[in-house]
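S.K.: Show me the folded form of this:
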Amino acid sequence: MKVIVFGATGKTGDHCWRKAVAAKHDVTVFGRSVERRYAQESINKVQGDVLDAQAVSQAVIGQDAVLVCLGPVGLKDRVTLSTGAANIREAMLAHGVKRLVIVSAAGVGDSWKRIPWYSKVLFSTILRTVLAEHAREEEIFADERLDWTAVRAAVLTEKPGTGRVLASNTATTKTIPREDLAGFLVDQLRMTDHLKQAICVTSG
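M.R.: Residues are numbered from 1 along each chain as shown. As a prediction, the model looks like this:
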C-alpha cells in the first residue's frame, strides 16, 4: 500500500513511518524538514508545509492511504492541525484517496469523562487550545466521503513499546508509549474495525 505520513518528523510520526516501512508499505514522508532530517533514509520524501494546500495536494496524488500525525508548533497554535486537516481532506477528495488514519487525543468529545484528573487539569488550562484543535481536526476529517479513523491517544510516553494496546471507548485512558501508538495507527491502515469512528487507545 502506498502511504503518505504527514507530521513525519514529529516524535510519533517518526515511529509511524518506520513502522509502516516495517509493514512493507511504500512510504512517503511529508514535512518541512524531511530532506535534512531523513537524508540518509531510503524512503520517498516530500519537503513541504502542511499549510500549503498546493504542496499537500501534489503529495497526495497516487497514494492509497494517508496517515496524519500532526502536532501543534506551540501551545497557542490554532492553525497547524485545523488548516492542515482541511488541506489534507481537500487533497484526498480531489484525488480519490479514501483511507485516512489520524492521531487525536483522549479527552476530545465524549472521551473527556474517561481521562485521568491530571489530564483534565492540563486540558482545561495549559493545553486548552491543543485539545480544541484536535477536536476541530476530528470534525474536519469526519467526512462521510472518507474512510477515516481517529485514534484518541492516552498520555504519550517515550518508554519502549510493549505491543499491548487497549482500544476502547469505555475504559479509562492512562498512558501509552509512542511506539505502541504508532504500531496501532499503522495496523489500522488495513483494518476496518474502527472505520468512520474515533477510538481511544491506552496501554493494555
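S.K.: which one's the longest helix in this structure?
M.R.: Secondary structure of the chain read by DSSP state H shows that its longest helix is helix 80-95.
S.K.: what does that helix contact?
M.R.: 6, 50-53, 56-57, 59-63, 66, 68, 70-73, 97-98, 100, 102, 133-134, 136-137, 140-141, 143, 145-146 (CB atoms under 8 Å, 6 or more residues apart in numbering). Using the backbone N, CA and C atoms, a C-beta is placed for each residue, glycine as well.
S.K.: Past it, which element shows up next along the chain?
M.R.: Counting by DSSP states H and E, the next helix or strand C-terminal to helix 80-95 is strand 99-105.
S.K.: List every C-alpha atom in that next one, with coordinates, as CSV.
M.R.: Taking C-alpha atoms only, strand 99-105 is exported to CSV below (Å, rounded to 0.1, in the frame of the first residue of the first chain):
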residue,chain,number,x,y,z
ARG,A,99,-8.3,5.7,3.7
LEU,A,100,-7.3,8.0,6.5
VAL,A,101,-5.9,7.4,9.9
ILE,A,102,-5.3,10.3,12.3
VAL,A,103,-3.8,10.9,15.7
SER,A,104,-6.1,12.7,18.1
ALA,A,105,-6.2,13.0,21.8
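S.K.: how about the helices of the chain, start to end?
M.R.: Counting by DSSP H, the segments of the chain that form helices are 11-22, 34-37, 53-60, 80-95, 117-124, 128-141, 178-188.
S.K.: and of those, who's closest to residue 151?
M.R.: Ranking the helices of the chain by proximity to residue 151 (CB to CB) places helix 178-188 first, at 5.8 Å.
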